[in-house]
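Visitor: Have a look at this fold, sequence not included:
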């Protein structure tokens, strides 16, 4: 064959070879996820599966107590926050009727007052299967649990807030967080300093060792400062509200569902800045003369949106040890996250978390 005739064949062979190489390179890049525009092409990712016992509070757990799976059988001790009392009274009888195989027993501490802190300590010590808390788990509690060989998980199941109670005749529009701090640290001692009548302020509180409500108040409102010497400590919210009802200059704070519906006191609006007060109750205010035929109810929208400035979550605290206690705590949280559980939480006077 002459060189003249060989030239087109050679060119055609080169073109075919180049095409095969280009096609192979294209296939390789697509197959291995490379992006010719730079770097590697992102691949679809599969979310890590949620393990059987891992709590997932953002996910709907079901509609009723009977729909909850992975529920252990037996008697389980639990305890903790006194703010949870209305939920326990409302939820537990219904839960026990629906799931008789899952039995609960509320246990109080033997040497201290019941509360979030004592409940979490009893959980760490192995005396409870799970705990109820009205404040987040503290770093030192996590450390103590780690020293025992396990971790703690807090699962939010409801929204609560702190409400301020004053005498029904106290005529002020509200208090700011700074003014509330000033009262309880002793800088403000007369209602005249806050635009009210010339009456000495008498502040009441439970002790900081009594539970999560006071711990939250000291941390978030007082900024870690100590109570003033003139603050009078009381044993229970019931006792404190009786004192507030009998003293025109008194003030007290507690979980909103314990304060807002009461007839003998006035729940006070609270604001982050002066003049921008948000009521913890649904307006208009129900007057003392109209109660108990009609009672004040929680300002649910303000609590859910965070517009009301002193809100918090209620938590189920679970021991992460892979044992029956962990399953019991996660089951309890899952019960409360069902539609039935959230509705019962609402009936107890708290705000649904979903």
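Guide: That came through, no problem. Because the structure is predicted, anything quoted here is derived from the model rather than measured.

Visitor: The stretch 51-200 of the chain: helices as residue ranges?
Guide: With helices called from DSSP state H, counting those that start in this stretch, the stretch 51-200 of the chain shows them at 85-98, 116-124, 139-147, 177-184.

Visitor: burial count for residue 79?
Guide: Around residue 79 there are 25 other residues, counting by other Cβ atoms under 10 Å. Just so you know, the C-beta spots here come from the backbone N, C-alpha and C atoms, and that holds for glycine as well.

Visitor: That one bridge partners, please.
Guide: Counting by DSSP bridges, residue 79 forms beta bridges with residue 131.

Visitor: Relative to residue 306, how far out is it?
Guide: As judged by Cβ to Cβ, to the nearest Å, residue 79 and residue 306 stand 29 Å apart.

Visitor: same deal with residue 144?
Guide: For residue 144, the distance to residue 306 - Cβ to Cβ - is 31 Å.

Visitor: Those two: which has the busier surroundings?
Guide: Counting neighbours by other Cβ under 10 Å for residue 144 and for residue 306 shows that residue 144 has the greater number, 15 against 10.

Visitor: So, low pLDDT: which residues of this structure?
Guide: Along the chain, segments meeting pLDDT under 70 span 1-61.

Visitor: got the buried residues for stretch 297-307?
Guide: 298, 299, 302, 303 (16 or more other Cβ atoms under 10 Å).

Visitor: Pick out the most distant pair among these.
Guide: With Cβ to Cβ as the measure, no two of the buried residues of stretch 297-307 lie farther apart than 298 and 302, at 8.6 Å.

Visitor: overlap in contacts of those two?
Guide: Common neighbours of residue 298 and residue 302, using Cβ atoms under 8 Å, 6 or more residues apart in numbering, are residue 280.

Visitor: I'd like the helices of the stretch 51-200 of the chain as JSON lines, with distance to residue 218 appended.
Guide: JSON lines is the format used below for the helices of the stretch 51-200 of the chain (distance: least, Cβ to Cβ, whole Å):
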{"stretch": "helix 85-98", "distance to residue 218": "21"}
{"stretch": "helix 116-124", "distance to residue 218": "12"}
{"stretch": "helix 139-147", "distance to residue 218": "15"}
{"stretch": "helix 177-184", "distance to residue 218": "9"}
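
Visitor: Looking at these, which is nearest to residue 248?
Guide: When those are compared (using Cβ to Cβ), the closest one is helix 177-184, at 15.1 Å.

Visitor: Quick one: residues in contact with that closest one.
Guide: 164, 175, 188, 194, 201, 203, 205, 217, 221-223, 225, 227-228, 231, 251, 253, 270-272, 274, 309-310.

Visitor: Can you give the distance from that helix to the centre of its chain?
Guide: The chain centroid and the centroid of helix 177-184 are separated by 24 Å, computed with Cα atoms, centre = their mean, to the nearest Å.
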